[in-house]
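**Q** model this:
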Amino acid sequence: MKNLLFLLFVCLSLFCCFSTVYAQGYSITKLDFTAMGINNKGQVVGSYSTSSSVRACLWQNNIITDLGTLPGRIGSHAYDINNQGQIVGDSYNSMLAPEDIHACLWQNNIITDLGTLDGNNITAYGINNKGQVVGSYFTRVGQQCAFMWQNKIMTNNPKGTAVGASKINDMGQVIGFFLQSGQPMEKQYRIQSWYSRRR
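**A** So this is what the prediction gives:
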């Protein structure tokens, strides 16, 4: 009986010990904005709402910094950040004009317009540690396409099938979605991966 009680005591002690260690292994921090991306340094990017627009922001060391907008624009969104602190997203002119959105890159406190391919509705969703950027855009006729931006050059998806690109890793592998013809609309979107062109 004493051995059983001792064994039970040991088990309870170990359980309490491991429970305490597990509980102390992480913490939850409330962020007063919509977080979309995080890098290995713990820097978080996302967007927060103001009385008149939505603004991209950076969170680090418990401080939220407004990232600003492209010149002449009122709002912005941040979707991803790499380990160099480069941030991608978009900047817009009006919530009532969704066709006028430009992809942008923030680095060293400078915001850069990444340009367009066909039309003015383009958003950057992912960036890797090599500075390659991916996202999606709508053409003038309303067709959605995926793009990649690298070395200051923007190109279409090399396979021509993806209509949206969301993330890219350091090997140049990209995830996104595409339309599969002959399927009902709700089944047409499917995740796929494709590789960037080698330069």
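
**Q** Would you agree residue 178 is in contact with residue 165?
**A** No: applying C-beta atoms under 8 Å as the test, residue 178 and residue 165 come out as separate, 9.8 Å apart. Any C-beta I mention is one placed from the backbone N, CA and C, and that applies to glycine too.

**Q** Can you tell me the closest non-neighbouring residue to residue 89?
**A** Nearest residue to residue 89 in three dimensions, chain neighbours excluded: residue 78, at 4.1 Å (C-beta to C-beta, 6 or more residues apart in numbering).

**Q** Now the one you found: which helix or strand?
**A** Secondary structure assignment for residue 78, by DSSP states H and E: strand 75-81.

**Q** So which other helices or strands are in contact with that strand?
**A** Applying 3 or more C-beta pairs under 8 Å, 6 or more residues apart in numbering; DSSP states H and E, we find strand 75-81 packed against strand 34-38, strand 44-49, strand 54-60, strand 87-92, strand 121-127.

**Q** ok, now with 10 Å
**A** On a contact count with 3 or more C-beta pairs under 10 Å, 6 or more residues apart in numbering; DSSP states H and E, strand 75-81 meets strand 34-38, strand 44-49, strand 54-60, strand 87-92, strand 101-107, strand 121-127, strand 133-138, strand 162-168.

**Q** would you list the ones you listed in a markdown table and tack on distance to residue 156, mean pLDDT and mean neighbour count?
**A** A markdown table is the format used below for the helices and strands packed on strand 75-81 (distance: least, C-beta to C-beta, whole Å; pLDDT from 0 to 100; neighbours: other C-beta atoms under 10 Å):
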| stretch | distance to residue 156 | mean pLDDT | mean neighbour count |
| --- | --- | --- | --- |
| strand 34-38 | 24 | 97 | 16 |
| strand 44-49 | 26 | 97 | 19 |
| strand 54-60 | 25 | 97 | 21 |
| strand 87-92 | 18 | 96 | 26 |
| strand 101-107 | 14 | 96 | 23 |
| strand 121-127 | 12 | 95 | 24 |
| strand 133-138 | 9 | 92 | 25 |
| strand 162-168 | 9 | 83 | 22 |
